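S.K.: build me a model:
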Amino acid sequence: MFSVMILVFVLGYVAIALEHPFRINKTAPALFIGTALWAIYMLGAPGILAKGYSVSWAEFAKDIAEGITTEHIHEFFASELIHHLGETSEILFFLLGAMTIVEIVDRHHGFRVITEKIQTKNKVKLMWILCLLTFFMSAILDNLTTTIVMVTLLSKIVGDQKTRWFYASMIVIAANAGGTWSPIGDVTTIMLWIGGQVTTGKIVTEVFLPSIVCLCVPLTIVSFMLKGEIERPEADASSNSESWTTPRTQRAMLFIGVSGLIFVPIFKTITHLPPYIGMLLSLSIVWAITEFIHKNHAPSVKNRLCPTAIINRIDTPTILFFLGILMAVAALQSAGHLAVLSHTLDHSFKDMAGGVYIIDLIIGILSSVVDNVPLVAGAMGMYPIEAAGAVDYAANFVQDGIFWEFLAYTAGTGGSMLIIGSAAGVAAMGLEKIDFVWYLKHISLLALLGYLAGAVVYIIQISI
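M.R.: This next block holds a predicted model:
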C-alpha cells in the first residue's frame, strides 16, 4: 500500500497535467487523490505504519504503554486529519479572503487608477514593469496575495488570452522570486523565520541578489522573444454606465483594499497569529466599509456591488483544487514518504563536497511537484539548529547558516518550474485558466534557467 500511494499520486498529477486533452477539470483529479490517498493509507495502515517511516505515528505511539489496537490507529488518523486539514484550511481561508478583497476592488473599478498610469503598449517594457512591481510587492505582502492582485490587474491591460497567459506566468516567477528574500514574503520563509533558522537582516542581504537574478534571467530571455505591442481589452460598457463610480470612489476603494492587504503582514508581526486571521480581519473591515458606501444606493447597485453578491464570483474550483493537492501531499507526509525522501537525500549527499547545496537544489526542484511547505517542514525537523561556533558540516546548520538561507531561496523559487508547483502558480492558473502543458512548454525552461542562475549567484556570493 505504501507504493500504491505513490502510484495514485503520480497518476493524479498526470490527469491534472492532461486536463485539456481529457476534458476533465483539474479540480476533479486533485480532489480524488486528496481523498483516495487517505483512504488507501487508512486501509493499509498496519503495514504502512509498521515500516517505521511515519514520524507523526512514532510521536503518537510512544505514549502508548499497552499494545497497539485498532482504536489507537483510528484515533491517530482522526488527529492527523484534523491537524492537516487545519493547516490546509489556513491557506484556503487566506486565499478566499484575498480573492474577495481583490474582487471587491475590481468590481468598483479601483484598478483603473493603476491601469490608467500604465500607458505603454510595448510588450517588453510592460513585462519589465509588471514583473518588477510584482517582485517588490510580494516581499511586502506575500507571493500569493501579490499574484492575485497582479493577475487581476493584468486582465485590465492585456486583451489577448495567450499573451495574458505569458504575462501571468512571468508574474508567478516574479512573485515567487520576490517572496524568498523577505521573512514574510512566502510561507516557507515565514516558517524559517519563526523557527529561528534565519533572521530578517541576513535573509534580506544574502538572498536578495540571487532572487533578483532568478527573475532577471528569464525576463532578459523573454525580452528577445517578445515583439510588437499588446492589444488592450475592450472597455466594459456596462461598467461605464454606473455614474456613481467616480474617480474619487475608485481611488478610495483601491486604497481601502490595498491597505487591508498590507495590514496582514503587520498584523502577523504584532500578534504572531497566522496570516489568515489578519486576512479575514481585513476582509471584515473592507466588507463593512463597502456596505456603508452602498447603504443609500438602489437595490440594483447593491445586488451587483455589495460583498454578498461579489463573493459569488470567487473561483471556488481553484480553492477546491488547493484542498485536494494539499491534502494529498499531507497524506504522503503523514505516511512517511517525505521522511524517506529527506533521509535519502541526506545519506546520498551529506559526505559530498557542496552536499548542502545539492540537497537544497533537489528540494527546490521537488517543490515544483510536492508542496514546498512539507518539504521545508521535513528539513526543519531533520536538522536541528546548531549552536554558534559549530564547525565542519554542522556549521551549515547554525542560525543564518548556508543550508537555511539557500533552502529559503530554492524552496521559494523552485515551485515556478510547474504551474501547480506553488500557491502563486495555482492562483494564476485558476484566475486565467492557464493550461498545465502550455506552461510546461513555454515557461518551465525559463523558470529553471532563472532558478539555476540565482543558485549560482548565491554560491559565488557565499564563496567570496
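S.K.: and Val158, which of the three is it?
M.R.: coil (DSSP: H, G, I helix; E, B strand; the rest coil).
S.K.: how far away is it from Met150?
M.R.: In this view, Val158 and Met150 are 12 Å apart by CB to CB, to the nearest Å. No exception for glycine: its C-beta is placed from N, CA and C like everyone else's.
S.K.: point out where the stretch 1-150 of the chain drops to low pLDDT.
M.R.: 65 (pLDDT under 70).
S.K.: so which residues of it form helices?
M.R.: Along the stretch 1-150 of the chain, counting by DSSP state H, counting those that start in this stretch, helices occupy 2-17, 19-22, 27-43, 45-50, 55-61, 70-107, 112-115, 123-140, 143-154.
S.K.: mind putting the ones you listed in a markdown table, distance to Gly401 and mean neighbour count included?
M.R.: Converted to a markdown table, the helices of the stretch 1-150 of the chain look like this (distance: least, CB to CB, whole Å; neighbours: other CB atoms under 10 Å):
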| stretch | distance to Gly401 | mean neighbour count |
| --- | --- | --- |
| helix 2-17 | 32 | 17 |
| helix 19-22 | 41 | 14 |
| helix 27-43 | 34 | 20 |
| helix 45-50 | 34 | 16 |
| helix 55-61 | 23 | 16 |
| helix 70-107 | 26 | 18 |
| helix 112-115 | 40 | 16 |
| helix 123-140 | 22 | 21 |
| helix 143-154 | 24 | 27 |
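S.K.: wait, Val151 sits on Ala428?
M.R.: Yes - Val151 is in contact with Ala428 according to CB atoms under 8 Å; the separation is 5.2 Å.
S.K.: what does the nearest residue to Leu85 once chain neighbours are set aside show for phi and psi?
M.R.: Computed as CB to CB, 6 or more residues apart in numbering, the closest residue to Leu85 that is not its neighbour in sequence is Met327, at 7.2 Å. The phi/psi pair for Met327 (degrees, to the nearest 10) reads phi -70, psi -30.
S.K.: Met327: what's it in contact with?
M.R.: Counting by CB atoms under 8 Å, 6 or more residues apart in numbering, Met327 makes contact with Gly34, Thr35, Leu37, Trp38, His84, Leu85, Thr88.
S.K.: closest to Ile289 among those residues?
M.R.: Distance to Ile289, by CB to CB, is smallest for Thr88 among the contacts of Met327, at 29.9 Å.
S.K.: thought that closest one was touching Phe321?
M.R.: No - in this structure, Thr88 is not within contact of Phe321 by CB under 8 Å, at 11.9 Å.
S.K.: quick one, phi psi at Val398?
M.R.: When read as degrees, to the nearest 10, the backbone of Val398 gives phi -70, psi 170.
S.K.: what about it, how many residues close to it?
M.R.: Per other CB atoms under 10 Å, the neighbour tally for Val398 reads 17.
S.K.: contacts only, for it.
M.R.: Val398 sits next to Ile385, Glu386, Ala387, Ala388, Gly389, Ala390 when contact means CB under 8 Å, 6+ apart.
S.K.: excluding covalently adjacent residues, which one is nearest to Cys306?
M.R.: That would be His294: by CB to CB, 6+ apart, it lies 5.6 Å from Cys306.
S.K.: actually Ala394, not the one I typed
M.R.: Of all residues not flanking Ala394 in the chain, Glu386 sits nearest, at 4.7 Å (CB to CB, 6+ apart).
S.K.: I'd guessed that neighbour sits against Phe403; true?
M.R.: No - applying CB under 8 Å as the test, Glu386 and Phe403 come out as separate, 9.7 Å apart.
S.K.: how about Phe2, what does it touch?
M.R.: Gly44, Gly47, Ile48, Lys51, Tyr53, Ala335, Gly336, His337.
S.K.: mind checking how far the nearest residue to Leu283 once chain neighbours are set aside is from Ile319?
M.R.: In space, and not counting its chain neighbours, Leu283 is closest to Gly97: 4.4 Å by CB to CB, 6+ apart. Per CB to CB, Gly97 is found 11 Å from Ile319.
S.K.: His297 in helix, strand or coil?
M.R.: Assignment for His297 (three-state DSSP): coil.
S.K.: need the pLDDT of it.
M.R.: Note on His297: pLDDT of 71.
S.K.: ok, it to Arg304 distance?
M.R.: Applying CB to CB, the value for His297 to Arg304 is 10 Å.
S.K.: thought Phe403 was touching Val198, still the case?
M.R.: No - in this structure Val198 lies outside contact range of Phe403 using CB under 8 Å: 10.3 Å.
S.K.: report the angle between the axes of the host helix or strand of Ala177 and helix 143-154?
M.R.: Using DSSP states H and E, Ala177 maps to helix 161-180. Here helix 161-180 points in a direction 150 degrees away from that of helix 143-154 (axes from the mean of the first three to the mean of the last three CA atoms, to 10 degrees).
S.K.: report the buried residues of helix 161-180.
M.R.: Residues of helix 161-180 classed as buried by neighbour count (16 or more other CB atoms under 10 Å): 163-180.
S.K.: find the residues that touch each one of Val151 and Ala428.
M.R.: Common neighbours of Val151 and Ala428 (criterion: CB under 8 Å, 6+ apart): Ala168, Ile171.
S.K.: neighbours of Ile285, how many?
M.R.: 14.
S.K.: and it, what pLDDT?
M.R.: Here the pLDDT value assigned to Ile285 is 93.
S.K.: then Tyr167?
M.R.: Tyr167 carries a pLDDT value of 92.
S.K.: returning to that earlier point: quick one: contacts for the residue nearest to Leu283?
M.R.: Contacts for Gly97 (CB under 8 Å, 6+ apart) come out as Tyr276, Met279, Leu280, Ser282, Leu283.
S.K.: name only those of the residues you listed that count as buried.
M.R.: Using 16+ other CB under 10 Å, the buried members of the contacts of Gly97 are Tyr276, Met279, Ser282, Leu283.
S.K.: perfect, that will be all.
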